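**Q** here's my sequence, what's the structure:
(one chain, ligands or ions: 2)
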Amino acid sequence: MNKIWKIGIVVVLIAAVAIVIINKQMGSSPGTDADKGTAQVSQPAAGLPRLLDLGSVSCIPCKMMAPILEELKKEYAGRLQVEFIDVMANPDAGAPYKISLIPTQVFFDASGKERFRHEGFFSKEDILAKWKELGVDLSAGAPAQASQTSAGPTFSRMEPAKADDRPKTAICHLCDGDINPKTLVVVKSAKGDVRLCGPHCYFILYSCLTEDKTDFEKKVSVADWADGAAVPATTAVYLYGAEEKKTGRPTIKAFASREAAEKERQASGGNLLTWNVLQEKELAARCGFCDRAVYPQDAARVDTADGIHTWGCCSHCALGVAARTGKDITIYQPDRLTGEMIVVKTAGGNVASLEPKTAVAWFGLRKAPDGKFVSAGCFHQGFFVNEDNLKKWVEQNPTATGKAISIAQALADKMKLTAQQIQKACKIGECAPK
Ligand SMILES: [Zn+2]
Ligand SMILES: [Zn+2]
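**A** Residues are numbered from 1 along each chain as shown. Ligands and ions are numbered 1, 2, ... in the order given. Just a heads-up that it's a prediction; the model follows:
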């Protein structure tokens with residue numbers, strides 16, 4: 001036997017061993033894991049070349065592929081479809097590709113035809129070089145979506161029309177709203193007192209904490225509605241009152257004494273609640289993207305294609321549900337100025353329909369200490385039925401800064417997020433006490 005022939009046999013043997021290992025592991029993978037698999041296998045987007053990586057979250061070369069796939073996904077968004085199938089968690093999804101080793105990368109051209117496959121780790125440079133060799137130009141052919149977004153709204157205001165001259169102690173840490181001293185909530189933190197406009201903002205903050213929450217409420221005091229004195233949050237009695245006309249939200253008043261609370265209840269109606277019951281009510285509805293506590297009255301309603309209903313605490317979080325679940329969704333979000341309903345349907349991570357067609361998004365931004373603009377957070381985002389409404393709203397909110405973007409762009413921004421970024425959505429920055 002000549003040398004090359006011998007090597008050939010060895011390679012075939014190694015491959016055979018790998019097949020056995022893969023089949024064994026697939027067989028032993030519990031059925032429930034398949035549903036949780038990270039595979040996001042969609043139908044090939046029309047006209048896009050596709051890179052499919054079949055691997056597992058536990059094999060070392062597979063792990064090395066993960067950041068490369070994320071980079072390619074971002075850098076070539078709209079030009080290259082990048083997908084990953086965890087064949088251990090989701091063997092059914094991997095089976096049609098009949099692979100022998102993990103990781104394996106399969107290259108499909110824009111017509112969906114397989115052009116090449118590679119086994120083992122494959123560097124980013126090599127992947128790009130291979131596409132080039134296959135005659136697939138990833139730099140050209142701007143997708144329809146991108147040209148749509150580049151023709152989108154151009155309005156922006158990056159400097160506030162008026163400086164925020166309120167004293168810091170009068171501004172809610174979470175929503176930037178005015179603090180009414182009668183509903184003030186204070187959270188003691190290592191870095192000082194965190195002041196909030198009321199129990200609802202407190203529960204939003206609480207719902208976003210990643211730290212151990214044991215005994216967290218011991219750090220919390222609420223103002224007595226009657227005299228403004230600080231009362232430990234857990235001992236106060238809460239009057240959960242009639243909904244405010246403008247917002248549809250309940251009013252919550254805290255009292256140190258049950259008698260005072262009862263007197264107010266007789267005057268203005270509502271129910272008396274303990275802290276625990278209030279907390280249960282407040283945490284019942286959550287944002288389907290960032291997991292914040294929301295009031296259904298002022299959240300966006302989000303329906304997924306398989307009939308699950310959830311909420312978006314803001315318009316952009318509502319779009320984020322598509323990124324978080326990988327499902328097609330329908331969003332019902334009122335215009336921030338007029339309350340007129342805007343309906344967005346997504347398909348495969350793109351906007352499939354928009355009602356009304358003129359609807360645009362406001363992307364609230366603020367200047368970080370390093371001078372760069374970052375998202376101003378959920379309270380500062382919104383949809384409008386048209387750019388005129390958006391401009392009117394910006395005029396009415398002189399401290400708002402940010403820019404108008406198309407809703408397609410707002411969705412694309414969410415679809416670009418990595419799994420890790422989605423995981424910590426809203427758990428960073430504005431929500432944590434600082
Ligand atoms: Zn607030
Ligand atoms: Zn949210």
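**Q** what's the neighbour count on the one residue in the stretch 301-434 of the chain that gets nearest to ligand 1?
**A** Closest to ligand 1 within the stretch 301-434 of the chain is Phe379: 7.8 Å, counting by C-beta to the ion. The C-beta positions use only the backbone N, C-alpha and C, and glycine is treated the same way. Residues lying near Phe379 (other C-beta atoms under 10 Å) number 17.
**Q** next, the residue nearest to it when sequence neighbours are not counted: secondary structure please.
**A** Nearest residue to Phe379, sequence neighbours excluded (C-beta to C-beta, 6 or more residues apart in numbering): Cys175, at 4.7 Å. Recorded secondary structure, Cys175: coil (DSSP: H, G, I helix; E, B strand; the rest coil).
**Q** enumerate every residue touching Cys175.
**A** Counting by C-beta atoms under 8 Å, 6 or more residues apart in numbering, Cys175 makes contact with 197, 201, 379.
**Q** wait, a helix at Pro398?
**A** No - Pro398: not assigned to a helix; according to three-state DSSP it is coil.
**Q** what is the least confident helix or strand in the chain?
**A** helix 31-36 (a mean of 37; mean pLDDT, DSSP states H and E).
**Q** so which elements touch the helix or strand following it?
**A** Moving toward the C-terminus from helix 31-36, the next helix or strand (DSSP states H and E) is strand 50-55. Applying 3 or more C-beta pairs under 8 Å, 6 or more residues apart in numbering; DSSP states H and E, we find strand 50-55 packed against helix 60-75, strand 81-86, strand 104-108.
**Q** which of these sits closest to Phe216?
**A** Closest of these to Phe216 is helix 60-75, at 33.8 Å (criterion: C-beta to C-beta).
**Q** pull out the buried residues from the closest one.
**A** Using 16 or more other C-beta atoms under 10 Å as the test for burial, helix 60-75 gives 62, 65-66, 68-70, 72-73.
**Q** closest one to Leu273 out of these, please.
**A** Nearest to Leu273 among the buried residues of helix 60-75 is Glu70, at 45.3 Å by C-beta to C-beta.
**Q** tell me the contacts of that closest one?
**A** Residues counted as contacts of Glu70 (C-beta under 8 Å, 6+ apart) are Thr418.
**Q** same check on the one 4 residues further on?
**A** For Lys74, the residues meeting the contact criterion (C-beta under 8 Å, 6+ apart) are Lys416.
**Q** hmm, 10 Å instead?
**A** By C-beta atoms under 10 Å, 6 or more residues apart in numbering, Lys74 lies in contact with 82, 415-418.
**Q** repeat that for Met65.
**A** Met65 makes contact with 53-55, 59, 84, 102-103, 105, 120-124, 127, according to C-beta under 10 Å, 6+ apart.
**Q** run the last query once more with 7 Å
**A** By C-beta atoms under 7 Å, 6 or more residues apart in numbering, Met65 lies in contact with 53, 55, 103, 121.
**Q** what's the average pLDDT for stretch 355-370?
**A** What stretch 355-370 shows for mean pLDDT is 93.
**Q** can you pull the phi/psi pair for Glu282?
**A** phi -70, psi -30 (degrees, to the nearest 10).
**Q** tell me the pLDDT of Phe379.
**A** pLDDT, Phe379: 91.
**Q** so it touches His173, yeah?
**A** No - between Phe379 and His173 there is no contact under C-beta atoms under 7 Å: 11.1 Å.
**Q** now list whatever residues contact both of the two.
**A** Residues touching both Phe379 and His173 (C-beta under 7 Å, 6+ apart): there are none.
**Q** any idea how far the helix or strand where Ala93 lies is from the chain center?
**A** Per DSSP H and E: Ala93 is located in helix 91-94. Once both centres are worked out by C-alpha atoms, centre = their mean, to the nearest Å, helix 91-94 turns out to sit 27 Å from its chain's centre.
**Q** buried ones in it?
**A** Buried residues in helix 91-94, defined by neighbour count with 16+ other C-beta under 10 Å: 91, 93-94.
**Q** which of those residues sits closest to ligand 2?
**A** Ligand 2 lies nearest to Ala93 out of the buried residues of helix 91-94, by C-beta to the ion, at 29.2 Å.
**Q** for this protein, what spans make up the helices?
**A** For the chain, helices defined by DSSP state H occupy the ranges 3-28, 31-36, 60-75, 91-94, 124-133, 144-150, 199-208, 258-268, 275-282, 315-325, 387-396, 407-415, 419-423.
**Q** out of those helices, the one nearest Thr169 is which?
**A** Comparing the helices of the chain by their distance to Thr169 (C-beta to C-beta), the top pick is helix 199-208, with 14.8 Å.
**Q** hmm, who's touching that closest one?
**A** Residues contacting helix 199-208 (C-beta under 7 Å, 6+ apart): 172, 174-175, 185, 187, 196, 216, 220, 222, 252, 278-279, 282-283, 286, 291-293, 295, 426-427, 431-432.
**Q** next one: stretch 178-196
**A** Stretch 178-196 is contacted from outside by 169-174, 197-199, 202, 205, 219-223, 225, 228, 230, 433-434, using C-beta under 7 Å, 6+ apart.
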